[in-house]
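# sequence unknown, structure follows:
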Ligand code: SF4
Ligand code: SF4
C-alpha cells in the first residue's frame, strides 16, 4: 500500500468521524437520509396509492427495459444518428453533437452568447460535461429553480447531495433563519410559508425574466425526436415554456429507441421517486403556430428556440471497447440504487462524489477524474451487498463495476491498509484469519 | 470420490465449536462426508482487491487441491465460500471445476434429510427471526427458502417471524466486502437497523459467519436481549434437546 492509499483512507475516516458531531454537514445529511431511504424502501410497498407496489410495477416492465437498454447500447451509434435526424430535421430543434466535454462547453458558451444569467434545473448532465464549471469560470450567474437546489444555493452547500431532492438536509428553522439573514424577510417556520415565499417572489421572475434556460432530459426518443422531462414543482414547465432559448444538455445515453420507451422511463422514475404524481413534459418541437394562413412560425408562447447538445465524451467508446463502466450506459437514472444502498444508508453523503451521492456518481467521478477520486469518494465503503444490482430496473450491474474499481484501486496501491493484509494472508497462508 | 466438509476460513479459525456442530449434523445425515486438514481458503476476500492473475492462480491452486484429494462434492457452512465457489470458480475454471458445491442449508432442506433430522422443540413458546445474508440471496443459485423450510419443519411451539426487509430485500449487515475490517462504522448502523426490525423475539438466526460476527458485536454493544445464533448451532442444539437460544 502506498502513502497515498493511507492518506485517502485517513481522509474518509475523518469524514466518518465527523458523523459523530451532530452539527456537521455529514451528520445532518445522514440523519435525514437514514429516515428517507428506509421510507423509500418501504414506499415500494405503498399499496394504498396503487393496485400494485412500485416494485411490482418495476418488475412487470423490467425485462422490457433491460432489452431496450441493451438494444440501445448495442446500436448506440445508429440510435444517436437517427435521434439527431429526428430532433433536427423532423422537429426543428437545433442539434449539436459534442464529441468531447470540451466541445460541449464551447458550443454551450456560443449558444449562451451575451447572456450573463442562466436559469436551470436538473442539470447533472451539464455538470458531467463540465459546463457548470465553465459557466462559473466565466462569471455567468447560475440561477437554480428546483427548490432543493435553490436552498442549496442559499446555504452555499458544498457537499454531495441527493440529486432528486437536493435540499432535504435543511430543517425548516434553518431555512427560515437563512432567508432572514440573506433576504431580510421574516417567515413563519413552516414549510408552506417557505414555499409561498418562493412562489410569490421567484415565480414572477421565472415567468418574466428568463432568456436562456438549461435543463437535461430524462429521456430522448430516437424514433420521433422527443425530449421527456419529469418534475413535480412546475419549474421545468416554466423553464421550457417561458423562455427565449431552452438549451438541453444530455449525454447520448439518455437516448431511448421509441417515444413509448421514453414514457416508460419517465413513469419508472415517477413511481420510484414520487409516488404521488408529477408533471411530465414531452417536447417535440419549439413553440410554434400555423394558424396564420397555414404558415409555420416559431416562437409563439413557449420557447422560441430549443437547442440540444448531445454529449458523447466517454460513451460510444465505453460501448465499443467494452470499458468496465459500459453497463452504466443502460442507466435510466431512476435512483433506486441510492435508496437501497447499504453504504449510502450508513454514510449518507460521505459516499458520493461532486456529482452527487451513491455508486453511480462515484463511477462518474472515476470516468472523469480517475481511480484516486473514487477512493476519496468512499469506494471502499461499499459492502458488495448487491442491492443496487438487484433493484436496478435497467439491468446495470453496479456492484460488479464497484468490484472492478476496487481491484483497480488496489493495483494502484490505494486500498485501505487492512484489506491488503487479508489479500497477502490468503495467498501466502491460504487462510486470511490464521492467528499470527 | 471424496465428499468434503469445507467450513470456510472464518468458521474454522474463529468458530471451532460451530464447525464441530456442523460436522455432527452432516455426519448424522451422511457419514461419507469428511474433513481434510488445512484446506486452502477459497479466495473470496481477495477477489475484489487482488489483480486478476493472482486470483486466477489462487483459484487454480485450490482446484488442484480439490483434485489431488479427489473431491467430488463439498458442503460448506460459509455463505461467502458458497457464493464464491458457485459463482466465480466456474467463471475462472470452466469445465475444469468439477466439484458439486452445496451449502449446509441446501443439504438439510430435502424431504429425506428433514425427516431424518426430525427436529423438535419442547421448550416455552419461542419466536425467532432469520437474517438473509447477501452472500446467500445473491448467489447464482440463491438460498432463500431453504432456511425457512428447515425452521418451519421444527415441531413444537416455535415460530419463525419475518422482518420488514426479508429475502431479496434483506438488509445487509454492513460487514461485507472486507468493510468490517476497515470501516466498522457501517455495521454499527446497518446491523442495528436489522435488530430494529425485530419485534418481541428471542433470537436472530444467521447462516453466514461474517454476518454473525457483525451482528453479534452490535447485539452485545447495544445490550440487545435477543442473541444471535448460528444456524448450525441452533439445529444442533435442537437435535441434542438443548434450549436452542441458550448461549
Ligand atoms: S453493492 Fe455497494 S454500491 Fe451496491 S448497494 Fe451494496 S453497498 Fe451500495
Ligand atoms: S443504475 Fe441506479 S439509477 Fe441507474 S437505472 Fe439502475 S438503479 Fe436506476
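Received the coordinates, thanks. Because the structure is predicted, anything quoted here is derived from the model rather than measured. Ligands and ions are numbered 1, 2, ... in the order given.
# Which positions in stretch A:147-157 come out as buried?
By neighbour count on 16 or more other Cβ atoms under 10 Å in any protein chain shown, the buried set for stretch A:147-157 is A:147-152, A:154-155, A:157. C-beta coordinates here come from the backbone N, C-alpha and C atoms, glycine included.
# quick one: which of these sit in helices?
Among these, the members found in helices (DSSP state H) are A:147-152, A:154-155.
# helix/strand/coil for residue B:141?
The three-state label given to residue B:141 by DSSP: H, G, I helix; E, B strand; the rest coil is coil.
# wait, what's in contact with it?
residue B:86 (Cβ atoms under 8 Å, 6 or more residues apart in numbering or on different chains).
# how near is it to residue B:87?
Here the criterion is Cβ to Cβ, to the nearest Å. By it, residue B:141 lies 9 Å from residue B:87.
# How about residue B:110?
23 Å.
# more crowded one of those two?
The residue with more neighbours, out of residue B:110 and residue B:87, is residue B:87; 16 against 13, by other Cβ atoms under 10 Å in any protein chain shown.
# Could you tell me how far stretch A:312-332 lies from the centre of the chain?
16 Å (Cα atoms, centre = their mean, to the nearest Å).
# Return the set of buried residues in that stretch.
Result for stretch A:312-332 [16+ other Cβ under 10 Å]: buried residues A:312-316, A:318-319, A:324-332.
# So which of these sit within helices?
Here DSSP H is the test, and the buried residues of stretch A:312-332 give A:315-316, A:318-319 as lying in helices.
# and which of the residues you listed is nearest residue A:279?
Nearest to residue A:279 among those: residue A:315, at 28.3 Å, using Cβ to Cβ.
# show me the contacts for the closest one.
Taking Cβ under 8 Å, 6+ apart as the test, what residue A:315 contacts is A:76, A:251-253, A:329.
# tell me the domain ranges of the chain?
Using chain A. Listed domain ranges for chain A are A:3-45+A:336-429, A:76-316 (source: automatic domain parsing).
# nope, chain B please
When chain B is cut into domains by automatic domain parsing, you get B:2-108, B:116-240.
# Minimum distance to residue A:239: which of these has it?
Nearest of the domains of chain B (Cβ to Cβ): domain B:116-240, 37.1 Å.
# Buried ones among the contacts of residue A:315?
For the contacts of residue A:315, buried by 16+ other Cβ under 10 Å: A:76, A:251-253, A:329.
# Among the residues you listed, name the ones in strands.
residue A:251 (DSSP state E).
# Can you name the two of the buried ones among the contacts of residue A:315 that sit furthest apart?
Every pair of the buried ones among the contacts of residue A:315 checked by Cβ to Cβ; the farthest is A:76 and A:251, at 11.0 Å.
# Is residue 193 in a helix, a strand, or coil?
With no chain named, the answer covers chain A. Under three-state DSSP, residue A:193 comes out as helix.
# should've been chain B
Per three-state DSSP, residue B:193 ends up helix.
# Excluding residues flanking it in the chain, which one is nearest residue 178?
I went with chain A, as the question did not name one. Closest residue to residue A:178 apart from its sequence neighbours, by Cβ to Cβ, 6 or more residues apart in numbering or on different chains: residue A:154 at 5.5 Å.
# Please refer instead to chain B.
Leaving aside its sequence neighbours, residue B:178 sits nearest to residue A:419 (Cβ to Cβ, 6+ apart; 4.9 Å).
# List the buried residues in the one helix or strand the one you found maps to.
Under the criterion of DSSP states H and E, residue A:419 resides in helix A:417-429. By neighbour count on 16+ other Cβ under 10 Å, the buried set for helix A:417-429 is A:418-420, A:422-423, A:425-427.
# Which of these scores worst on pLDDT?
The lowest pLDDT within the buried residues of helix A:417-429 belongs to residue A:420, which sits at 76.
# Do I have it right that that residue meets residue B:49?
Yes. Here residue A:420 reaches residue B:49: they are 7.1 Å apart, a contact under Cβ atoms under 8 Å.
# shared neighbours of these two, anything?
residue A:410.
# Wondering if the helix or strand of chain B with the lowest mean pLDDT reaches chain A at all.
Using mean pLDDT, DSSP states H and E, helix B:179-182 stands out as the lowest-scoring helix or strand of chain B, at a mean of 88. Yes. Using Cβ under 8 Å from any Cβ of the partner chain, helix B:179-182 reaches chain A at B:179, B:181-182.
# after the longest helix along chain B, next one along is what?
Longest helix of chain B, by residue count under DSSP H: helix B:52-68. The helix or strand immediately downstream of helix B:52-68 is strand B:71-76, counting by DSSP H and E.
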